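Participant: sequence and predicted model, in that order:
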Amino acid sequence: MNRFAGTGTLTALALRRDRLMLPAWVATFVLVNWFSAVASKEIYPTTASLEQASTGWNATTALVALHGRIYDPTSLGAASLVKMTGLGTAMVALLALLLVVRHTRADEEVGRTELAAAGVVGTWAPATAAYLVATGTVVTLSLLSGLALAGAGLPPAGSFAFAGSWIGAGAVFAAVGCVAAQLSTAARGARGLAAAALGVAYAVRALGDTQPADGARWLSWLSPFGWSQQVRPFAGERWAALLLPLLAVPVLLVAAAALLAHRDLGSGLLTDRPGPARGTRLVSPLALTWRLERQALLAWTVGAALLGAVLGSIASTIADLFDNARFSEYLRLLGGVSRLEDAFLSTELGLVALLVSAFGISSAQRMHSEEAQGRAEPLLATGVSRMSYAVAHLTVALAGTALMLAVSGLAIGAAHAAATGDPAQVGRVLGAALVRLPAVWVMTALVMALFGVGGRLTPLAWVALVGVVVVGEFGPLMELPHWTLDLSPFAHVPSLPGSELTWTSSVWLTAVAAALAVGGLFAFRHRDLQSD
């Protein structure tokens, strides 16, 4: 049999399964790029202000480590899209590898691949279909972003060089996802391995970019993210840098194919470590859920703390980087406060809260994965009730988001206090972070409400999160109707630090979260279990 037999059918199946998620992500990336280009024209009204901001950016080590360098201080495109060439590229790469794992190891874990293999499906077809879906998504959102940037008035050459840099990174990490899917026996393990590779690559790029001019900047060339940034969109494009992803992708795909040939269906090359013969601590659904989620919570919390430390160290320098009235007004519009530093902290705390919401959604979705993979049914056949099972998962998700937000607030506050010499900033920023917790709980409880109606509906929570990001970040700039902005729970959070604290919105958001959770719990008690 042809090893690629059935690839087209599996590709169509994957696209059908992701018919809601993929358009949402594509639209989000395109809109973010377009508004970044449009807003920058207002932020940098003159070449002098643009050059001042770019020079200040390159002189700030934390900003360069987080996003990369601005290679042409006089280029509007290079300055306006520096974040999208840094963290934006990482998000595209993450999306690509998650899509590959979703349609390879995750399908294999629940038995969907085995069922497909009973038909006319070749050995390499599932991985090939997953790679085509992932890279096709990346190519689509990248080219549409290039068109959007050109439509916003940026040079076409730079716009499509930017698109090419995203395509290169996405293609490489989709191939990394293929390799990781052969190593682990579980989808979570594969995601963890691929995400760890992404994190190392990003750290190597950051280390190289922060070296002095006569230092080891060559380290950036060891990272796929360094390759993408060396394309240098809007800063004298280096098209030859795109050859590196073209060389790396075939090597990774050949490695994935070789690994696939040396394992059985359902197994992984990295064997699971056997646990103890008796689980003396797994005495309740809550203990089991904590055991399942503790490693993910630790990884997310460490990542949030590191991000918070970087953001906190930047806050005290923000006024020096952008010393013009237009940028100050832009930050006030997003943060809703008067002081520039407070506006920056408020905006960044809002972004951290969205990151924490992503963890909450992911953690709460564990209920669905356990049900879909048939592990919930034998558990519920014992003395464990549906209510205690669902409450355990929801408790870990809600408590985990509270911990993450608190750690992030402490990290941002401590870094900002160290930079300003004001210890009071620690408690001030921590309080500003925790005031966003009710909004995070609303997003987490939404998963419970969807799960109660039907487990297959839980991915809609990610669609809701994308909508919240788009409305929250660009709604004021688009001058959307007020009721549209009010759909986001984060629109009702006080813009702390810097503004007046009011408890009314926090009480209402907590009540909404409680209503979603209780409604979901009640609905779950009255529906049948569903396998994937």
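Facilitator: Perfect, I can see it now.

Participant: contact partners for the residue nearest the centre of the chain?
Facilitator: Central residue of the chain (Cα atoms, centre = their mean): Met91, 5.7 Å from the mean position. The contact partners of Met91, taken as Cβ atoms under 8 Å, 6 or more residues apart in numbering, are Phe29. C-beta: built from backbone N, CA, C; applies to glycine.

Participant: the stretch 151-300 of the chain: strands as residue ranges?
Facilitator: Secondary structure of the stretch 151-300 of the chain, counting by DSSP state E, counting those that start in this stretch: no strands present.

Participant: what stretches of it score poorly on pLDDT?
Facilitator: By pLDDT under 70, the low-scoring segments of the stretch 151-300 of the chain are 271-280.

Participant: near Leu97, how many other residues are there?
Facilitator: Neighbour count for Leu97, taken as other Cβ atoms under 10 Å: 28.

Participant: what do you get for the one 5 residues further on?
Facilitator: The local packing of Arg102 (other Cβ under 10 Å) involves 22 other residues.

Participant: my guess is it contacts Ala181. True?
Facilitator: No - Arg102 is beyond contact range of Ala181, at 9.7 Å (criterion: Cβ atoms under 8 Å).

Participant: any common contacting residues for these two?
Facilitator: With Cβ under 8 Å, 6+ apart, Arg102 and Ala181 have common neighbours Ala130.

Participant: quick one, strands of the stretch 1-150 of the chain?
Facilitator: Counting by DSSP E, counting those that start in this stretch, the stretch 1-150 of the chain has no strands to list.

Participant: who's in contact with Leu244?
Facilitator: So Leu244 contacts Gly168, Pro224, Trp227 (Cβ under 8 Å, 6+ apart).

Participant: likewise for Pro245?
Facilitator: Counted by Cβ under 8 Å, 6+ apart, Pro245 has contacts Ile167, Gly168, Ala169, Ala171, Val172, Pro224, Trp227, Ser228.

Participant: and if we set it to 10 Å?
Facilitator: Contact partners of Pro245, counting by Cβ atoms under 10 Å, 6 or more residues apart in numbering, are 164-165, 167-173, 175, 224, 227-228, 231.

Participant: which residue, other than its chain neighbours, is closest to it?
Facilitator: Distances taken as Cβ to Cβ, 6 or more residues apart in numbering place Gly168 nearest to Pro245, at 3.4 Å, with adjacent residues excluded.

Participant: and Gly360, how many neighbours?
Facilitator: Neighbourhood size, Gly360 [other Cβ under 10 Å]: 29.

Participant: again with Ile412
Facilitator: By the criterion of other Cβ under 10 Å, Ile412 has 31 neighbours.

Participant: what separation is there between it and Ser54?
Facilitator: Distance, Ile412 to Ser54, using Cβ to Cβ, to the nearest Å: 25 Å.

Participant: and Leu351, how far is that from Pro438?
Facilitator: 17 Å.

Participant: typo on my end, it should be Arg428
Facilitator: Between Arg428 and Pro438 the distance is 19 Å, computed by Cβ to Cβ.

Participant: now do Ala190
Facilitator: 34 Å.

Participant: before we move on, what about Thr140?
Facilitator: From Thr140 across to Pro438, the span is 36 Å (Cβ to Cβ).

Participant: more neighbours: which of those two?
Facilitator: Between Thr140 and Pro438, Pro438 has the larger neighbour count (other Cβ under 10 Å), namely 22 against 17.

Participant: now that one: closest residue in space, sequence neighbours ignored.
Facilitator: Of all residues beyond its chain neighbours, the one nearest Pro438 is Leu509 (3.6 Å), with distances taken as Cβ to Cβ, 6+ apart.

Participant: correct me, but the one you found touches Pro489?
Facilitator: Yes - the criterion here is Cβ atoms under 10 Å, and Leu509 meets it with Pro489 at 5.6 Å.

Participant: spell out which residues are contacts of both of those two.
Facilitator: With contacts defined as Cβ under 10 Å, 6+ apart, the residues shared by Leu509 and Pro489 are Arg436, Pro438, Ala439, Val440, Trp441, Val442.

Participant: which one of the residues you listed is nearest Pro250?
Facilitator: Distance to Pro250, by Cβ to Cβ, is smallest for Val440 among the shared contacts of Leu509 and Pro489, at 42.1 Å.

Participant: and that closest one, what's its pLDDT?
Facilitator: Turning to Val440, the model gives it a pLDDT of 94.

Participant: how about the secondary structure of it?
Facilitator: Following DSSP: H, G, I helix; E, B strand; the rest coil, the label given to Val440 is helix.

Participant: how close does it sit to Gly312?
Facilitator: Noted for Val440: a distance of 19 Å to Gly312, by Cβ to Cβ.

Participant: tell me where the chain is predicted with low confidence.
Facilitator: In the chain, residues with pLDDT under 70: 1, 271-280, 316-340, 473-481, 499, 531-532.

Participant: now with 50?
Facilitator: Applying pLDDT under 50 to the chain picks out residues 331, 334-338.

Participant: output the longest helix belonging to it.
Facilitator: Longest helix in the chain, counting residues (DSSP state H): helix 386-420.

Participant: show me what it is packed against.
Facilitator: Helices and strands touching helix 386-420, by 3 or more Cβ pairs under 10 Å, 6 or more residues apart in numbering; DSSP states H and E, are helix 285-315, helix 340-364, helix 366-372, helix 376-380, helix 424-434, helix 437-453, helix 504-525.

Participant: got these as CSV, with distance to Pro23 columns?
Facilitator: Shown next, in CSV, are the helices and strands packed on helix 386-420 (distance: least, Cβ to Cβ, whole Å):
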stretch, distance to Pro23
helix 285-315, 27
helix 340-364, 19
helix 366-372, 22
helix 376-380, 30
helix 424-434, 32
helix 437-453, 19
helix 504-525, 25
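
Participant: nearest to Ala152, of these?
Facilitator: Of all the helices and strands packed on helix 386-420, it is helix 340-364 that lies closest to Ala152, at 21.8 Å by Cβ to Cβ.

Participant: angle of that closest one against helix 386-420?
Facilitator: Interaxial angle, helix 340-364 versus helix 386-420 (axes from the mean of the first three to the mean of the last three Cα atoms, to 10 degrees): 150 degrees.

Participant: re earlier: give me the number of residues near the residue nearest to Pro438?
Facilitator: By the measure other Cβ under 10 Å, the count of residues near Leu509 is 21.

Participant: begin at 37, not 1, for the rest of this chat.
Facilitator: Okay, residue one is now 37; in that scheme the one you just asked about reads as Leu545.
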